[in-house]
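Enquirer: structural data only, the sequence is not supplied:
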């Protein structure tokens, strides 16, 4: 199993997930002389053509991840569609995950993520969990528009909907199969900003320039870098990123 040894250079990195993000890791890995081994379901997945080796298996297949660990010095994640409980047994056996599983635990579920961010004093919209129990009166339900979000596995507009009234909210939830969901007040934002931030084992944080992301049909179509933001907004973004990564004790790179 892959146990990290800080006296030796990391030569092979395992990536759980073989999509676009893993594909984009390949250029940086090549420049650093690092080989990527990817666990992904299909040979046609984007990163499969760039990886040194591919383990064909579902992303949440912990037995396949054990094979991945045998071939790598450290394992990282391309996405959040993982089974933390199953991976915890591998971590107990000495497999090195970066970020650690304890970093992912409070942020994979969107409701738990909101609670965690609020506990850090970071800005969050009004929110509540909904699992089928009776909704509060409309005037108390966060705002006129409510955003309903799947608590796990939502991406690229999937598992997110903006509802203008109670019937639409309930019909959307019914259509999704009545899962536990997160309800948030709708924030009438002007622009969406994002930042990449990295933290090492010494606790040093590096934050890349703020970018503006532009969505169409809830899917990111463009990223404008650097974003046209004021120094005050830039400082606020950096403060949020720094506080979050330091609180989680992240070792790795996060998009926020």
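Expert: Looks like it arrived, so ask away. Here the structure is a predicted model, which is why all the values come from computation and not from measurement.
Enquirer: can you tell me the helix or strand for the closest residue to residue 46 other than its chain neighbours?
Expert: Closest residue in space to residue 46, ignoring its immediate chain neighbours: residue 23 at 3.9 Å, by C-beta to C-beta, 6 or more residues apart in numbering. Any C-beta I mention is one placed from the backbone N, CA and C, and that applies to glycine too. Taking DSSP states H and E as the definition, one finds residue 23 inside helix 20-31.
Enquirer: can you mark which positions in that helix are buried?
Expert: Judged by neighbour count (16 or more other C-beta atoms under 10 Å), helix 20-31 contains these buried residues: 22-23, 25-26, 29.
Enquirer: list the helices and strands whichever helix or strand comes after it packs on?
Expert: Using DSSP H and E, the next helix or strand after helix 20-31 towards the C-terminus is strand 35-40. Packing contacts for strand 35-40, counted by 3 or more C-beta pairs under 8 Å, 6 or more residues apart in numbering; DSSP states H and E, involve strand 12-16, helix 20-31, strand 53-56, helix 62-71.
Enquirer: before we move on, back to that, check the buried residues of helix 20-31 and tell me the two furthest apart.
Expert: Greatest spacing in the buried residues of helix 20-31, by C-beta to C-beta: 23 and 29 (10.8 Å).
Enquirer: how far off centre is stretch 149-168?
Expert: 17 Å (C-alpha atoms, centre = their mean, to the nearest Å).
Enquirer: and for stretch 167-186?
Expert: With C-alpha atoms, centre = their mean as the basis, stretch 167-186 stands 22 Å off its chain's centre.
Enquirer: contacts for that stretch next, please.
Expert: 110-111, 114, 125-132, 135, 141-151, 159, 161-163 (C-beta atoms under 8 Å, 6 or more residues apart in numbering).
Enquirer: cool, and stretch 93-101?
Expert: For stretch 93-101, contacts defined as C-beta under 8 Å, 6+ apart pick out 1-4, 65-66, 69, 73-77, 84, 87-88, 90-91, 248-252, 254.
Enquirer: show only the entries of these found in helices.
Expert: Using DSSP state H, the subset of the contacts of stretch 93-101 located in helices is 65-66, 69, 84, 87-88, 90-91, 248.
Enquirer: what ranges does this protein have for its strands?
Expert: 12-16, 35-40, 53-56, 74-77, 127-130, 146-150, 160-163, 181-185, 192-194, 196-199, 205-207, 211-216, 219-224, 252-255 (DSSP state E).
Enquirer: need these in CSV with distance to residue 95, can you?
Expert: Shown next, in CSV, are those (distance: least, C-beta to C-beta, whole Å):
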stretch, distance to residue 95
strand 12-16, 9
strand 35-40, 13
strand 53-56, 14
strand 74-77, 7
strand 127-130, 32
strand 146-150, 29
strand 160-163, 33
strand 181-185, 31
strand 192-194, 30
strand 196-199, 21
strand 205-207, 25
strand 211-216, 33
strand 219-224, 32
strand 252-255, 15
